[in-house]
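>>> Just a sequence and a predicted model for now, questions to come.
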Amino acid sequence: MSAFKEMVPPLLDWYGRNARSLPWRDRPEPYRVWVSEIMLQQTRVEAVKPYFARFMEELPGVAALAAAPEQQLMKLWEGLGYYSRARNLQKAAQVLVEQYGGELPADYEELLRLPGIGPYTAGAVASIAFQIPAPAVDGNVLRVVMRLTASRDNISEPAVKRAVEEQVREVIPRDRPGDFNQAMMELGATVCGPGGEPRCLVCPLAALCEGNRLGIARELPVKAKKKARRIEEKTVFLLVYNGELAIRRREDSGLLAGLWELPSAEGRLSPEGAGEVLQDWGIRPLALKPLPAAKHIFTHVEWHMTGYWVKLKEKPDGFTWAGRNELLEVYALPSAFRAYLDAFTG
Ligand code: SF4
């Protein structure tokens with residue numbers, strides 16, 4: 001038996017004793033597993049829990065998700081970021097209603113065809129919800145495998161990920177594929193973690209781990225350097241008229257496509273520069289007050305922002321107006337604007 005295969009029994013045994021109780025894990029129905037996996041793609045488990053609970057309450061199944069108004073969906077996703085995930089979730093739900101009788105298919109390849117579902121998510125749903133022995137290799141699993149096998153391959157390369165999927169496919173136990181995949185992820189999340197020291201002393205696989213034996217686990221996995229993020233400077237305007245705030249919709253493509261936003265202009269503008277922009281927009285402010293600088297980090301871009309509170313004596317055209325409660329309950333504004341929105345909603 002290869003060392004890699006030998007790790008299956010102790011891993012499953014450890015998982016049986018240490019698996020965290022999670023809402024989607026305790027009731028692994030296909031819809032719940034799918035939604036949780038999409039939410040977890042860029043977000044920590046603890047942060048996902050309340051979102052998941054609200055989502056299941058308001059949209060408890062595929063049909064409800066397929067029919068949900070966009071506003072409701074965006075509101076449920078507000079704060080999770082990466083909104084295309086929510087849109088794809090809904091697109092996939094609509095395909096499921098039209099072509100699969102409203103059920104997720106119990107088939108890896110068919111799952112892979114749905115919008116927003118890549119090899120990892122297809123493998124996770126197939127194995128956890130349907131007990132299909134498909135690999136589900138995310139960053140956690142890649143890290144664990146690279147350390148276990150003391151491999152210095154660059155995990156940013158797709159070929160390396162595919163090779164790991166094949167390695168996992170060969171050893172995944174037919175009777176407990178979902179538990180195996182979750183055990184690998186769980187080990188990566190709680191014991192063989194990213195950054196800092198892996199906790200080899202408490203690891204159930206320590207005796208089988210090449211990275212541990214050679215003392216190089218900490219150096220793994222090898223990753224290509226990321227490109228530096230692009231920095232965009234912006235000036236955000238809180239245009240306030242009679243207790244209402246001006247918002248507008250972003251364009252249908254690009255970053256935060258189609259979402260509501262606070263009006264903004266390029267560059268970090270001085271009060272004079274801000275006044276000129278407002279003039280271009282046909283706005284004559286009663287008062288203009290600078291707000292503190294704020295920063296928001298996306299995957300490839302950083303927004304460095306400054307802001308102005310602008311009191312208006314009349315409502316200019318071209319904006320949608322929302323009061324405090326509507327901003328909190330109806331419109332989904334991305335968290336990038338949170339610092340400025342808080343200045344209005346308190
Ligand atoms: Fe990771 Fe250490 Fe366990 Fe190897 S022994 S899998 S490096 S925690």
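Nice, thanks for sending it over. Since we're looking at a predicted model, the values are computed, not measured.

>>> Could you measure from Ala86 over to the ligand?
The gap separating Ala86 from the ligand is 34 Å, by CB to the nearest ligand atom, to the nearest Å. The C-beta positions use only the backbone N, C-alpha and C, and glycine is treated the same way.

>>> what does Asn88 give?
For Asn88, the distance to the ligand - CB to the nearest ligand atom - is 33 Å.

>>> try Gly61
Taking CB to the nearest ligand atom, one finds Gly61 at 38 Å from the ligand.

>>> can you tell me which residues contact that residue?
Tyr31, Gly102 (CB atoms under 8 Å, 6 or more residues apart in numbering).

>>> repeat that with 7 Å
For Gly61, the contacting residues are Tyr31, by CB atoms under 7 Å, 6 or more residues apart in numbering.

>>> How confident was the prediction at it?
pLDDT, Gly61: 98.

>>> swap in the one 4 residues further on?
According to the predicted model, the pLDDT of Leu65 comes to 98.

>>> Pretty sure it sits against Ala93.
Yes - between Leu65 and Ala93 there is a contact under CB atoms under 7 Å: 4.0 Å.

>>> in the protein, which residue is closest to the centre?
By CA atoms, centre = their mean, the mean C-alpha position of the chain lies nearest to Gln42, the distance being 2.9 Å.

>>> So that one, which state does it fall into?
On the three-state scheme (DSSP: H, G, I helix; E, B strand; the rest coil), Gln42 is labelled coil.

>>> mind checking pLDDT for it?
pLDDT, Gln42: 81.

>>> which residues in the stretch 101-250 of the chain form strands?
230-241, 244-249 (DSSP state E, counting those that start in this stretch).

>>> out of those, nearest to Ala294?
Proximity to Ala294 (CB to CB) singles out strand 230-241 among those, at 7.9 Å.

>>> Sheet partners, orientation included, of that closest one?
Note on strand 230-241: by DSSP bridges, its sheet partners are strand 244-249 (antiparallel), strand 264-266 (antiparallel), strand 301-312 (parallel).

>>> would JSON lines of these with mean neighbour count and mean pLDDT be doable?
Shown next, in JSON lines, are these (neighbours: other CB atoms under 10 Å; pLDDT from 0 to 100):
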{"stretch": "strand 244-249", "mean neighbour count": "19", "mean pLDDT": "94"}
{"stretch": "strand 264-266", "mean neighbour count": "16", "mean pLDDT": "94"}
{"stretch": "strand 301-312", "mean neighbour count": "18", "mean pLDDT": "95"}
